[in-house]
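>>> got a structure for you, letters missing:
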């Protein structure tokens with residue numbers, strides 16, 4: 001038997017060498033996602049099989065802990081209330097650590113819990129060194145860090161360094177006059193000769209980006225609310241103070257940082273922009289995002305804060321294109337990962353005009369996600385996310401036609417499609433609280449029902465632009481941040497088990513059927529699917545270390561790709577339509593079904609057909625025989641040998 005196997009290998013080697021001598025046109029090992037090479041078979045001259053887009057990925061050598069784990073973002077005030085005041089808190093998170101551990105979470109990104117007047121729910125810090133009493137104490141934070149650590153979970157802080165609160169002592173001193181030590185810590189400008197603001201910029205939430213200070217006799221700039229004045233990063237004292245804040249939290253044992261609104265920290269020349277609304281103003285995002293020189297600041301941050309520490313950083317990089325990711329992440333980048341928002345803004349023509357919706361197709365989504373995968377393939381890493389505290393719920397976002405039928409089967413299937421992508425795309429999954437339960441948007445009837453100041457300002461902007469109240473309200477229902485901020489639904493009891501008091505924001509009406517307690521008991525629930533997919537990612541190396549290759553590119557219903565590892569590859573198929581979807585079954589040759597949301601078993605049911613909204617993962621095991629290239633040929637050959 002051994003002699004036959006040896007002869008078989010010898011024949012394969014001879015054939016391979018002959019192929020190289022005569023063709024010398026196969027892909028070289030340096031281009032493969034497998035150390036020393038690797039592919040799914042012989043390749044064409046373009047370096048890939050026809051109809052495929054491929055991005056090769058780094059493998060397990062040198063992989064960091066944060067590349068192999070799953071992250072959960074927690075919006076603290078809406079997660080779990082431990083003291084009955086209607087607002088979530090740090091001790092409430094500690095109470096639910098075991099729930100998060102069962103979800104496969106290895107890091108928790110906390111939204112800001114620093115001392116704050118709460119003008120923007122904590123994204124307006126009055127003191128970076130204190131915990132706001134709304135959420136607890138510093139002792140509660142220390143306890144959370146310690147208890148999470150016992151479960152192998154690290155805490156990640158949200159650094160809001162573009163701006164502070166107008167109640168921060170830094171700003172109060174800066175606003176007191178022009179000759180104090182912190183006079184230049186914020187961005188101040190004189191009024192124009194007619195007394196108007198220095199530029200016509202509109203802040204992110206609507207209205208002027210400038211506010212007059214009577215005490216100082218100047219205007220100050222704010223990208224967001226007037227209560228959130230922008231820091232002056234050009235001042236080295238400001239940067240030093242911010243680095244000290246970050247290092248304070250690292251010394252407490254946190255595992256990294258998410259950097260809020262980081263694309264706005266560098267300001268260009270302060271000049272008027274082309275008006276883009278009836279108010280005669282220009283959106284500040286277009287005027288200031290990603291100004292040249294911003295990366296110099298962030299390289300300094302990396303040197304002063306991150307270098308030499310076993311942590312990760314992820315930047316909120318709205319406006320960064322996939323083609324620019326290599327400047328932001330990887331060996332020469334400034335962060336380990338960045339949230340770029342192309343897929344989140346896929347249905348929005350204008351960020352300030354929520355009524356200006358864009359029609360999109362699955363081809364658009366595949367292109368956007370594929371671009372991000374390919375642009376972080378060789379050097380970099382990607383945070384996989386479909387929800388966060390500023391975005392609508394993903395079922396409504398990507399499947400707006402899905403019904404909320406009484407049995408919830410269609411919305412459950414849609415949630416599982418997104419959950420499958422979360423844990424099978426190349427990168428670190430970032431789950432947002434409630435996503436794992438299949439949360440939906442709220443559809444409140446009156447603008448007064450909404451708490452979010454951004455939502456209210458967008459609504460009034462639309463009215464000013466000539467939209468009807470119903471048109472403006474419909475836009476709010478689709479994009480409001482409140483949909484992501486309704487309290488976590490733990491049980492079917494009053495207030496969804498979130499609090500024994502009056503919740504700060506109403507619970508979604510669907511809490512009696514959509515809650516953690518009910519879904520934990522249902523093996524077919526969205527929660528069970530997320531737990532299963534998290535475990536699958538952990539147990540199948542190709543889903544963390546493998547390369548990414550898109551397949552079935554032209555299919556208008558299916559998003560499919562291959563994650564290729566050293567000894568196995570996963571084939572992921574997701575049907576984004578409510579109709580059956582046919583596909584070329586040859587992509588599954590030699591593969592076995594691992595899991596299907598449609599409950600298939602054996603060979604996966606009907607070959608070459610996905611059920612409506614089905615998500616399925618197949619696995620193909622193999623080994624590779626590498627034949628090095630002769631001196632006169634720059635490329636070697638990988639031949640797959642099926643394990644018999």
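Received the coordinates, thanks. What you see is a predicted model; the values in this text were computed from it and never measured. Numbering: from 1, shown residues only.
>>> pLDDT weak spots in the stretch 101-250 of the chain?
Low-confidence regions of the stretch 101-250 of the chain, defined here as pLDDT under 70, do not occur.
>>> any chance you could map the helices in it?
Listed in chain order, the helices of the stretch 101-250 of the chain (DSSP state H, counting those that start in this stretch) span 138-150, 169-175, 236-251.
>>> Determine which stretch of the ones you listed is the most buried.
Each of the helices of the stretch 101-250 of the chain was scored by mean neighbour count; the highest is helix 169-175, a mean of 19, by mean count of other Cβ atoms under 10 Å. Placement of C-beta: from N, CA and C, glycine included.
>>> what's in contact with it?
126-127, 164-166, 180-186, 188, 213, 215-216, 220, 229, 241 (Cβ atoms under 8 Å, 6 or more residues apart in numbering).
>>> buried subset of those?
Buried by 16 or more other Cβ atoms under 10 Å: 126-127, 164-166, 182-183, 185-186, 188, 213, 216, 220, 229, 241, out of these.
>>> ok, so of those, who is nearest residue 499?
Closest to residue 499 out of the buried ones among the contacts of helix 169-175 is residue 126 (25.1 Å), distances taken as Cβ to Cβ.
>>> how about the closest one, what does it touch?
Here residue 126 is in contact with 114, 115, 116, 117, 164, 165, 167, 168, 169 (Cβ under 8 Å, 6+ apart).
>>> Could you rerun that using 10 Å?
Residue 126 sits next to 114-119, 132, 164-172 when contact means Cβ atoms under 10 Å, 6 or more residues apart in numbering.
>>> so can I have CSV of the helices of the stretch 101-250 of the chain showing distance to residue 478?
Shown next, in CSV, are the helices of the stretch 101-250 of the chain (distance: least, Cβ to Cβ, whole Å):
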stretch, distance to residue 478
helix 138-150, 34
helix 169-175, 35
helix 236-251, 36
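>>> mind checking which of the ones you listed is nearest residue 532?
Taking the helices of the stretch 101-250 of the chain one by one with Cβ to Cβ, helix 138-150 is closest: 23.1 Å.
>>> What angle do helix 236-251 and that closest one make with each other?
Calculated by axes from the mean of the first three to the mean of the last three Cα atoms, to 10 degrees, helix 138-150 forms an angle of 60 degrees with helix 236-251.
>>> Now do helix 138-150: which elements does it pack against?
Packing partners of helix 138-150 (3 or more Cβ pairs under 10 Å, 6 or more residues apart in numbering; DSSP states H and E): helix 90-95, helix 97-102, strand 105-110, strand 127-131, strand 154-159.
>>> The ones you listed: which one's closest to residue 344?
Closest among the helices and strands packed on helix 138-150, using Cβ to Cβ: strand 105-110, at 16.4 Å.
>>> I'd like to check the angle between the closest one and strand 154-159, please.
Relative orientation of strand 105-110 and strand 154-159, computed by the same axes, to 10 degrees: 30 degrees.
>>> neighbours around residue 131, how many?
19 (other Cβ atoms under 10 Å).
>>> center of the protein, which residue is that?
Central residue of the chain (Cα atoms, centre = their mean): residue 385, 3.1 Å from the mean position.
>>> For the stretch 351-500 of the chain, which segments count as strands?
With strands called from DSSP state E, counting those that start in this stretch, the stretch 351-500 of the chain shows them at 353-357, 383-384, 428-432.
>>> Please state the offset of the last one from the chain centre?
The one in question is strand 428-432. A distance of 6 Å separates the C-alpha centroid of strand 428-432 from that of its chain, computed with Cα atoms, centre = their mean, to the nearest Å.
>>> Next: the shortest one.
Mean C-alpha position of strand 383-384 versus that of the full chain (Cα atoms, centre = their mean) differs by 5 Å.
>>> and that strand, which strands flank it?
Paired neighbours of strand 383-384 in the sheet (DSSP bridges): strand 428-432 (parallel).
>>> Compute the mean per-residue pLDDT across the partner strand, please.
Averaged over strand 428-432, pLDDT sits at 98.
>>> coming back round to it: relative to residue 530, which of the strands of the stretch 351-500 of the chain is closest?
Across the strands of the stretch 351-500 of the chain, closest to residue 530 is strand 428-432 (Cβ to Cβ), at 7.1 Å.
>>> Residue 238 against residue 168, yeah?
No - the criterion here is Cβ atoms under 10 Å, and residue 238 misses it with residue 168 at 11.9 Å.
>>> what's the overlap in contacts for those two?
Applying Cβ under 10 Å, 6+ apart, one finds that residue 238 and residue 168 are jointly contacted by 185, 186, 231.
>>> between the residues you listed, which is nearest residue 438?
residue 231 (39.1 Å).
>>> Not counting sequence-adjacent ones, nearest residue to the residue nearest to the centre of the chain?
Spatial nearest neighbour of residue 385, chain neighbours left out: residue 430 (4.1 Å); criterion: Cβ to Cβ, 6 or more residues apart in numbering.
>>> Just put the strands of the stretch 351-500 of the chain in TSV and tack on distance to residue 285 and mean neighbour count.
Listed next are these as TSV, based on distance: least, Cβ to Cβ, whole Å; neighbours: other Cβ atoms under 10 Å:
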stretch	distance to residue 285	mean neighbour count
strand 353-357	13	19
strand 383-384	21	22
strand 428-432	22	23
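>>> The residue nearest to residue 385 touches residue 312, doesn't it?
No - here residue 430 does not reach residue 312: they are 11.4 Å apart, not a contact under Cβ under 10 Å.
>>> shaky segments in the stretch 501-644 of the chain?
In the predicted model, the stretch 501-644 of the chain carries pLDDT under 70 at residues 602-606, 623-644.
>>> What segments of it are helices?
Using DSSP H, counting those that start in this stretch, helices in the stretch 501-644 of the chain cover 516-520, 526-539, 542-545.
>>> Same question for the longest one: list its buried residues.
Just to be clear, that refers to helix 526-539. Result for helix 526-539 [16+ other Cβ under 10 Å]: buried residues 526, 527, 528, 529, 530, 531, 532, 533, 534, 536, 537, 538.
>>> Could you export those residues as JSON lines, including distance to residue 368?
Listed next are the buried residues of helix 526-539 as JSON lines, based on distance: Cβ to Cβ, whole Å:
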{"residue": "526", "distance to residue 368": "24"}
{"residue": "527", "distance to residue 368": "28"}
{"residue": "528", "distance to residue 368": "29"}
{"residue": "529", "distance to residue 368": "24"}
{"residue": "530", "distance to residue 368": "23"}
{"residue": "531", "distance to residue 368": "28"}
{"residue": "532", "distance to residue 368": "27"}
{"residue": "533", "distance to residue 368": "22"}
{"residue": "534", "distance to residue 368": "24"}
{"residue": "536", "distance to residue 368": "25"}
{"residue": "537", "distance to residue 368": "22"}
{"residue": "538", "distance to residue 368": "27"}
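>>> between the helices of the stretch 501-644 of the chain, which gets nearest to residue 462?
Of all the helices of the stretch 501-644 of the chain, helix 526-539 sits nearest to residue 462, with 32.8 Å by Cβ to Cβ.
>>> Thank you kindly, that will do.
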